[in-house]
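Student: Sequence isn't available, so here's the structure alone:
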């Protein structure tokens, strides 16, 4: 490798990237309203491999919780 290639390996932004016309946070509010990300611990993720299984388990848990007298 020559010296020029080494310089580009450490750069996060390459010279050909041009964000001069970009708007910071343009979609932030819309994303915040439509996104609800939950990170599962690895042991839980092994059992619940997709959002459908998580939703089903939580709906069952909510149903049980509602049926138990407070």
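Tutor: Received, thanks. Remember, predicted model here, so these are calculated numbers, not experimental data.
Student: mind checking the backbone torsions on residue 12?
Tutor: For residue 12, the backbone dihedrals are phi -80, psi -40 (criterion: degrees, to the nearest 10).
Student: how many neighbours does it have?
Tutor: Here the neighbour count serves as a burial measure; for residue 12 (other Cβ atoms under 10 Å) it reads 5. Backbone N, C-alpha and C define where each C-beta goes, glycine included.
Student: show me where this structure has strands.
Tutor: In order along the chain, the chain carries no strands (DSSP state E).
Student: low pLDDT regions in it?
Tutor: Low-confidence segments of the chain, defined by pLDDT under 70, span residues 1-10.
Student: ok, which stretches of it are helices?
Tutor: Listed in chain order, the helices of the chain (DSSP state H) span 3-10, 28-34, 42-47, 51-67.
Student: nearest to residue 17, of those?
Tutor: Closest approach to residue 17 among the helices of the chain is made by helix 3-10 (11.9 Å; Cβ to Cβ).
Student: now the residue nearest the centre of the chain: how far from residue 31?
Tutor: Among the residues of the chain, residue 37 comes closest to the average C-alpha position under Cα atoms, centre = their mean, at 5.7 Å. With distances defined as Cβ to Cβ, to the nearest Å, the gap from residue 37 to residue 31 amounts to 10 Å.
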